[in-house]
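Peer 1: Let's see this in three dimensions:
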Amino acid sequence: MLNPAHPHPVHEVQPSDEAEWARMRFGLWPHHPIEEHEAETRQMPGPDHPELVVVFVAPRAEGGLRGFLEMSVRSYAEGCDGPTPYVEGWYTDRDVRGHGVGAALMAAAERWAAAHGYREMASDALLDNVDSHRAHGALGFEEVERSVHFRKDIG
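Peer 2: This is a model prediction of the structure:
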């Protein structure tokens, strides 16, 4: 889909996108092995991952992909009323950051959410990911809460 305000093409993920999508997921979440990302992209979205409702990808003109956005609908999101489309993963390759690819992915997600009757969206970022904070702010997101999560191994 091409939007004049965001001249970067974006489409819903296709089976032919799986290898590139897995590569980018590993770029976003490197603490999980690439094999795990490869296995998940073969299954998502689908019955094993009903929470993930849509995945958008941004293709490169020369082949391959340059970004993705995974979105679910959560029953609760901080600062939102009721079920809310939630950006679970948003990534662009380093060489295209700051060129509107991330904005085009987010615009596709917003159009999907609006077409499905939602009036707001939510997302998150790690506390130290200042680049993501700036990107979200530049696209109209407002910060609603900060938190630090803890765990303790008792086994």
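Peer 1: what about stretch 66-84, start to end distance?
Peer 2: End-to-end distance of stretch 66-84 (C-alpha to C-alpha, to the nearest Å): 26 Å.
Peer 1: distance between it and the chain's centre?
Peer 2: From the chain centre to the centre of stretch 66-84 is a distance of 9 Å (C-alpha atoms, centre = their mean, to the nearest Å).
Peer 1: next one: stretch 147-155
Peer 2: Taking C-alpha atoms, centre = their mean, one finds stretch 147-155 lying 26 Å from the centre of the chain it belongs to.
Peer 1: List the buried residues for it?
Peer 2: By 16 or more other C-beta atoms under 10 Å, stretch 147-155 has no buried positions at all. C-betas here are computed from N, CA, C, even on glycine.
Peer 1: residues in contact with the helix or strand harbouring Thr41?
Peer 2: Here Thr41, judged by DSSP states H and E, is contained in helix 34-43. Outside of helix 34-43, the residues within contact range by C-beta atoms under 8 Å, 6 or more residues apart in numbering are Val13, Glu18, Ala19, Trp21, Ala22, Arg23, Arg25, Phe26, Trp29, His49.
Peer 1: As CSV, the residues you listed with distance to Val87, pLDDT and secondary structure would be great.
Peer 2: Shown next, in CSV, are the contacts of helix 34-43 (distance: C-beta to C-beta, whole Å; pLDDT from 0 to 100; DSSP: H, G, I helix; E, B strand; the rest coil):
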residue, distance to Val87, pLDDT, secondary structure
Val13, 15, 92, coil
Glu18, 20, 92, helix
Ala19, 23, 94, helix
Trp21, 15, 94, helix
Ala22, 19, 94, helix
Arg23, 19, 96, helix
Arg25, 14, 94, helix
Phe26, 18, 95, helix
Trp29, 14, 93, coil
His49, 15, 57, strand
